[in-house]
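K.L.:
Pasting the sequence and the predicted model now:
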Amino acid sequence: MIFDDLRAIQAHYGYLPGEQLESLSKRTNIPLYRIHGVADFYPHFHLKPPPKVNIRVCTDMSCHLRGADALETGLKHRFQGMSSGDLFIGECSCLGQCDGAPAISINDHYYRSMTEAEAEALVLTALGGGDLPHLAAQTTTQPLASDPYAGGEKYGALRRLIQTRDWDGTIAQLKASGLPGLGGAGFVTGMKWELVRKAHGDEKYVVCNADESEPGTIKDRFILENLPNLVIEGMIIAAVVTGAQKGFLYIRHEYQAQEHILQHEIDECYREGLLGPSILGSDLGFELEIFVSPGGYICGEESALIEAIEGKRAEPRNKPPFPVTHGVFNKPTALNNVETFANVPQILVNGVDWYKAQGQGGAAGLKFVGVSGDVEAPGIFEIPMGLPMSEVIYNYAGGMVGGKALKAFAPSGPSSGYLPASKVDVHLDFKSLAAEGSMLGSGAIVVCAEGRCMLDMALNAVRFFRNESCGKCVPCRMGSQKMVDILTAWTHGKGTTADLELIDELTEALKLTSICGLGQFAHSPLSSVLLHFRDEVEAHITHKHCPEGVCPMREERAV
Ligand SMILES: Cc1cc2nc3c(=O)[nH]c(=O)nc-3n(C[C@H](O)[C@H](O)[C@H](O)COP(=O)(O)O)c2cc1C
Ligand code: SF4
Ligand code: FES
């Protein structure tokens, strides 16, 4: 596997020296241009020697709201004058610690809720050659209603299924529950598994998508930490039901603590005969391995993720065909989100009626949501699907920070766009949020208090898409950059009303011609702000004035 080789070289040299890539090419018969193309694509690989201390401050939505910019500026000021070989301070995309914002990384070690003094102490340790501490998992002692085994024997649904071999009945039960895919798209899981089961061929795969890299999205991290057995059980059940023999649990590389927890659980499953060539002594086998992502938000898009597993650049494929028939190595593949898999044993143990009764107002099931930004108690919460947003913000997340008024919230990170405070009673389910022109997505709630400039928040979110565009299609690659340029100009008092027409054209082009969801939704933060906060945006363009006093406006900065 090309990534294993690249990782081994990087572990030894600290980066990927050209001559090592050449000798890898000779050894493996993989053309050098292909090795280079892969190494160059992923942020995790370095083609040049990195500085001794590489500091990255996450500046995406949740961290932007909780002081990331000041932290970055403060650290740059504190360490100014140091040589670039010794120290580099830059920005990075969401690190999956949005409830502990601002988050930073130092030499691939991750830290939450950083103050400048804490970050400085860690940097000094790294500069002095000391060992940096690893971030521990945030496990909870709270009982979780999602756990059907609480305290009892685990893997009960799987044990029963191996005895009954009722594959069709399992799919029927999942379909009856209506369990939607919880990675964002909401495709009915029972239908997906049925398509894989019916797909021709003996070689099939199960893949769990634990890439979770969109700002605000942290709920899978919590599930991996606290209910890893349910995720693995869901994957094994998917395998026996669809006829797959091999599985990959694809996890973002920043989730090191979670990876260890999962590996421990997988090892235990092998010891207990729940994984391996003969599950519980049956004629059914399933091998499961963890695949650590080499990085990048685009890797979460299912076909890009599959390309990465195949050792290629994570560029999304044109669809159709879909992974259910043409997935890993073009074989039928059941690919689901962490939370989707974790729901399967719940439904099989507790029943469809129980599952439906967990939701509210016609919605079914429980939902994990992450809440970050301007709330008193950011965190990950288990809620009934269909709960009003107001309850989540005020009862679960401790209310608004410092007792401020709510101004806006993103129900699911940048993709969902922002809704105004007047919509705070919207119910958290697929239908209700779609009716408001937003989406439930991955349950990544980011909250903005009074005083926040919504143009600034739109720019921050569009910049994330620009940074993470894989570059495969021109409209997304160029269009997201153009959008950032225009919004940056607006925040500097350099906009004209003609820009608004250009933005409409760009939005249409992105929606219609982008291959994947990243490009298709890159306009959402801006579109939503133009819809709900148009006066505020127009004040920047027409009056060269930021009503909240947040944007740099006339400050002479490079645009
Ligand atoms: C740019 C992009 C990033 C995505 N990231 C994730 C992710 O991190 N986790 C995830 O489960 N789904 C992600 N998705 C959705 C997946 O493509 C896919 O729909 C999902 O994993 C299917 O699982 P589900 O049916 O259980 O939701 C992403 C989609 C796009 C377009
Ligand atoms: S829409 Fe953007 S991220 Fe998606 S394939 Fe095209 S360039 Fe890549
Ligand atoms: S860790 Fe910074 S936005 Fe997620």
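P.N.:
Looks like it came in fine. Numbering: from 1, shown residues only. Ligands and ions are numbered 1, 2, ... in the order given.
K.L.:
Please count neighbours and contacts with C-alpha atoms only from this point.
P.N.:
OK.
K.L.:
need the contact list for the residue nearest to residue 277 when sequence neighbours are not counted.
P.N.:
Residue nearest to residue 277 in three dimensions, not counting chain neighbours: residue 285, with 4.1 Å by Cα to Cα, 6 or more residues apart in numbering. Neighbour list for residue 285: 245, 275-279 [criterion: Cα atoms under 8 Å, 6 or more residues apart in numbering].
K.L.:
Indicate whether stretch 400-420 makes contact with ligand 3.
P.N.:
No. If you take Cα under 6 Å from any ligand atom as the test, stretch 400-420 misses ligand 3, and the best it gets is 9.0 Å.
K.L.:
And that stretch, what's buried?
P.N.:
By 16 or more other Cα atoms under 10 Å, the buried positions in stretch 400-420 come out as 400-401, 406-420.
K.L.:
start to end distance for it?
P.N.:
14 Å (Cα to Cα, to the nearest Å).
K.L.:
Pull the residues that contact it.
P.N.:
By Cα under 8 Å, 6+ apart, stretch 400-420 touches 61, 214-217, 374-376, 393-394, 421, 438-452, 461-462, 518, 521-522, 524-529, 532.
K.L.:
Show me those that map onto helices.
P.N.:
Using DSSP state H, 61, 461-462, 518, 521, 524-529, 532 are the members of these that sit in helices.
K.L.:
Residue 217: how many residues sit nearby?
P.N.:
29 (other Cα atoms under 10 Å).
K.L.:
wait, isn't residue 542 in contact with residue 498?
P.N.:
No. Taking Cα atoms under 8 Å as the definition, residue 542 is not a contact partner of residue 498, at 10.9 Å.
K.L.:
More neighbours: which of these two?
P.N.:
Neighbour count, other Cα under 10 Å: between residue 542 and residue 498, residue 542 has more, with 15 against 9.
K.L.:
do stretch 196-216 and ligand 2 meet at all?
P.N.:
No. Stretch 196-216 lies out of reach of ligand 2 by Cα under 6 Å from any ligand atom, never closer than 12.8 Å.
K.L.:
Alpha carbons of that stretch, in CSV - could you do that?
P.N.:
Extracted in CSV, the C-alpha atoms of stretch 196-216 (Å, rounded to 0.1, in the frame of the first residue of the first chain):
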residue,chain,number,x,y,z
VAL,A,196,-25.2,-4.1,-2.1
ARG,A,197,-26.7,-7.5,-1.2
LYS,A,198,-28.3,-7.8,-4.6
ALA,A,199,-25.3,-6.5,-6.5
HIS,A,200,-23.5,-9.2,-8.5
GLY,A,201,-20.1,-10.5,-7.5
ASP,A,202,-18.5,-12.3,-4.6
GLU,A,203,-16.0,-9.6,-3.6
LYS,A,204,-17.8,-6.9,-1.6
TYR,A,205,-16.7,-4.4,1.0
VAL,A,206,-18.0,-2.5,4.0
VAL,A,207,-16.6,0.9,4.8
CYS,A,208,-17.2,3.2,7.8
ASN,A,209,-16.7,6.9,7.1
ALA,A,210,-15.1,8.4,10.2
ASP,A,211,-13.4,11.2,8.3
GLU,A,212,-15.6,13.9,10.0
SER,A,213,-13.7,17.0,8.9
GLU,A,214,-16.3,19.7,8.4
PRO,A,215,-16.1,22.6,10.9
GLY,A,216,-18.4,22.0,13.8
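K.L.:
Which helix in this protein has the most residues?
P.N.:
What stands out as the longest helix in the chain, according to DSSP H, is helix 474-491.
K.L.:
tilt between that helix and helix 524-532?
P.N.:
Counting by axes from the mean of the first three to the mean of the last three Cα atoms, to 10 degrees, helix 474-491 lies at 50 degrees to helix 524-532.
K.L.:
how about the strands of the stretch 401-550 of the chain, start to end?
P.N.:
406-410, 419-420, 444-449 (DSSP state E, counting those that start in this stretch).
K.L.:
Output those as TSV; include the columns mean pLDDT and distance to ligand 1.
P.N.:
Listed next are those as TSV, based on pLDDT from 0 to 100; distance: least, Cα to the nearest ligand atom, whole Å:
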stretch	mean pLDDT	distance to ligand 1
strand 406-410	98	16
strand 419-420	98	21
strand 444-449	98	11
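K.L.:
Of these, which is nearest residue 186?
P.N.:
Closest to residue 186 of those is strand 444-449 (Cα to Cα; 14.8 Å).
K.L.:
What helices and strands are in contact with the closest one?
P.N.:
Packing partners of strand 444-449 (3 or more Cα pairs under 8 Å, 6 or more residues apart in numbering; DSSP states H and E): helix 61-65, strand 366-373, strand 406-410, helix 413-416.
K.L.:
The same query, at a cut-off of 6 Å, please.
P.N.:
Contact analysis of strand 444-449 by 3 or more Cα pairs under 6 Å, 6 or more residues apart in numbering; DSSP states H and E lists strand 366-373, strand 406-410 as its packing neighbours.
K.L.:
which parts of it are buried?
P.N.:
For strand 444-449, by 16+ other Cα under 10 Å, it's 444-449.
K.L.:
which one of these sits closest to ligand 2?
P.N.:
The closest of the buried residues of strand 444-449 to ligand 2 turns out to be residue 444 (Cα to the nearest ligand atom; 19.8 Å).
K.L.:
My guess is the closest one contacts residue 370. True?
P.N.:
Yes. The pair residue 444 / residue 370 is scored as a contact, 5.1 Å apart, by Cα atoms under 6 Å.
K.L.:
How about residue 408, nearest residue that isn't a chain neighbour?
P.N.:
Closest residue to residue 408 apart from its sequence neighbours, by Cα to Cα, 6+ apart: residue 420 at 4.3 Å.
K.L.:
ignore the last one, residue 226
P.N.:
That would be residue 139: by Cα to Cα, 6+ apart, it lies 5.9 Å from residue 226.
K.L.:
And for residue 357?
P.N.:
Nearest to residue 357 is residue 364, by Cα to Cα, 6+ apart, at 6.5 Å.
K.L.:
which residues does residue 282 contact?
P.N.:
Not one residue lies near residue 282 by Cα atoms under 6 Å, 6 or more residues apart in numbering.
K.L.:
Same check on the one 5 residues further on?
P.N.:
Contacts here follow Cα under 6 Å, 6+ apart; on that basis residue 287 touches 246, 276.
K.L.:
what's around residue 48, how many residues?
P.N.:
Burial of residue 48 is recorded as 11 neighbouring residues (other Cα under 10 Å).
K.L.:
Tell me the secondary structure of it, please.
P.N.:
On the three-state scheme (DSSP: H, G, I helix; E, B strand; the rest coil), residue 48 is labelled coil.
K.L.:
The residue nearest to residue 226 should be in a strand, yeah?
P.N.:
No. Looking at residue 139 with three-state DSSP, it is coil, so not inside a strand.
K.L.:
Can you tell me how far it is from ligand 3?
P.N.:
18 Å (Cα to the nearest ligand atom, to the nearest Å).
K.L.:
and what of residue 465?
P.N.:
13 Å.
K.L.:
what's that residue in contact with, if anything?
P.N.:
Contacts of residue 465 by Cα under 6 Å, 6+ apart are residue 522.
K.L.:
can you rerun that using 8 Å?
P.N.:
By Cα under 8 Å, 6+ apart, the residues touching residue 465 are 480, 518-519, 522.
K.L.:
interface residues of the stretch 101-250 of the chain facing ligand 3?
P.N.:
101-103, 215-216.
K.L.:
Including distance to residue 161, could these go into TSV?
P.N.:
Converted to TSV, those look like this (distance: Cα to Cα, whole Å):
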residue	distance to residue 161
101	42
102	45
103	43
215	37
216	36
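K.L.:
and of the residues you listed, the nearest to residue 37?
P.N.:
Nearest to residue 37 among those: residue 215, at 26.7 Å, using Cα to Cα.
K.L.:
What is the neighbour count of that closest one?
P.N.:
Residue 215 is flanked by 29 other residues according to other Cα under 10 Å.
K.L.:
how about low-confidence regions in this protein?
P.N.:
Along the chain, the model assigns pLDDT under 70 to residues 555-559.
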